[in-house]
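*Asks:* dropping a prediction and its sequence here:
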Amino acid sequence: MTPTSPPAITATGLRKSYGDKLVLDGIDFEVPAGRIWSLLGPNGAGKTTLVQILSTLIRPDAGTVQVAGHDLLREPEAVRRAIGVTGQFAAVDELLTGEENLLLMCDLHRLPRQESRRLTAELLDRFELAGDDAKKLAGTYSGGMRRKLDLAMTLVGGPRIIFLDEPTTGLDPRSRRTMWDIIRDLVGDGVTIFLTTQYLEEADELADRIAVLHHGRFVAEGTATELKRLVPGGDIRLTFDSPEQLATAAEALGASDIDEEALSLRVPSEGDMGSMRRVIDRLDRVSVTASSLSMHSPDLDDVFLTLTSQPATTGEKQEAAR
C-alpha cells in the first residue's frame, strides 16, 4: 500500500453498553491499510465486542465507523463484502472434506463452477492442503490443518480486511509459526489484518501497531518497540573473564546486581544506545573489557501487566508516537 492509502478502519467516539455495564467508552482509533493491527486486553476488556461491531454483527450505541471506505451503519452490506472473519474456533464442516468445504464456500459466494474449481485448487495448494489432505474429512484434520482450512475459506470472498480472533489458540509451536507465515503473506498481498490474540509473543512478532484495551478504553497504542519504552526496567548485562575484572567493573558502574558465580552483573538502562556507550566509557576508564555485553528491555508481557494492573481512568490514556 502507498503511504497515501486511506485507512482500512477509522472509528470515532465508539461506545457500547450492556445494561449498566459500559463495554466501550467512546474510543477513537485508526487501522492503516495493508498492515497488521493487533488488539490486546484482559478478559472482559471489550475486545470481542469491538470485533463484533466492526464486522457488523452488533450495532454500537454511539460513534462513527468507516470500514474499507464504507459507513458501518449506512452500508453494512458493502462492509460485509469487504471483510472476512476467522473466529477463535474453526468454522469448518467436519463431515465434508477440505475440498468440499471450500467448494461449499464458493457456492455461497455464487461463484461460477469453473471459477470455484480453480480457486479451490489454488487455495488448497497455497495452504498446503492439496493432494490426499484435500480428500480427507475435515473432522480428521489436526488443529493446525483446521485453522488453515478456516482461513482459506475466509479468502474465498477476496476480503480486503480480515479479522483474526486468536487464530493460533491451541496450536503447537510449529503450526503457530506456519500460521504466522501465512498471515505475513496475506499482508504482502495487500490485505489488512485486524488481529486479536492472547499470545503477546504473537503480537510482538506480527503486528505493525498494537493497541491495549482496558476497561473499554485504549490505555496505549504504538509499535511494539514504542510500547516497551512505556515501562521502566531495562538493563544492560555484562560478563567478565575473572573475579578481579568483575569487582572492578561493579565498582566503576555502581552495580549492586552481581552474580559472582557467573561472573556477571546488571546495571539499569534506559534502553538506548546512549546507555550502552556510557557503560563502555566507564569500563574503558578502569581498563576493563567485558567478555559479553547485551541490552535487555521490558517485553510485551511487562507492558501488558503494567498497563492493565490498575483501574483505568479517563486521563491515563497514552498514545505512543502516532
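*Replies:* All right, it came through fine. Residues are numbered from 1 along each chain as shown.

*Asks:* show me the residue at the heart of the protein, geometrically.
*Replies:* Centroid-nearest residue in the chain, with CA atoms, centre = their mean: Ala203, separated by 3.1 Å.

*Asks:* can you tell me the closest non-neighbouring residue to it?
*Replies:* Ser38 (4.2 Å; CB to CB, 6 or more residues apart in numbering). The C-beta positions use only the backbone N, C-alpha and C, and glycine is treated the same way.

*Asks:* can you list contacts of the helix or strand in which that neighbour is found?
*Replies:* Element membership for Ser38 (DSSP states H and E) is strand 36-40. The contact list for strand 36-40 (CB atoms under 8 Å, 6 or more residues apart in numbering) reads 9, 31, 47, 50-51, 183, 187, 192-197, 200, 202-203, 206-213, 300, 304.

*Asks:* among the residues you listed, which are in strands?
*Replies:* Counting by DSSP state E, the part of these found in strands is 9, 31, 192-196, 209-213.

*Asks:* of these, select the buried ones using a PyMOL command.
*Replies:* The following PyMOL line selects those of those that are buried, judged by 16 or more other CB atoms under 10 Å:
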select buried, resi 9+31+192+193+194+195+196+209+210+211+212+213
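
*Asks:* closest to Asn101 among the ones in strands among the contacts of strand 36-40?
*Replies:* Ranked by distance to Asn101 (CB to CB), those are led by Ile193 at 21.9 Å.

*Asks:* do you know how far that closest one is from Ile27?
*Replies:* 19 Å (CB to CB, to the nearest Å).

*Asks:* circling back: now the residue nearest to Ala203: how far from Asp125?
*Replies:* For Ser38 relative to Asp125 (CB to CB), the value is 28 Å.

*Asks:* what about those two, which has more around it?
*Replies:* Applying other CB atoms under 10 Å to Ser38 and Asp125 shows that Ser38 carries more neighbours, namely 25 against 12.

*Asks:* Ser291: neighbouring residues, count only.
*Replies:* Ser291 is flanked by 12 other residues according to other CB under 10 Å.

*Asks:* correct me if wrong: it contacts Leu246.
*Replies:* No. Applying CB atoms under 8 Å as the test, Ser291 and Leu246 come out as separate, 10.3 Å apart.

*Asks:* return every residue with contacts to both of those two.
*Replies:* Listed as contacting both Ser291 and Leu246 by CB under 8 Å, 6+ apart are Phe240.

*Asks:* where does the closest residue to Cys106 other than its chain neighbours land on pLDDT?
*Replies:* Of all residues not flanking Cys106 in the chain, Ser116 sits nearest, at 3.6 Å (CB to CB, 6+ apart). We have a pLDDT of 96 for Ser116.

*Asks:* cheers, nothing more for now.
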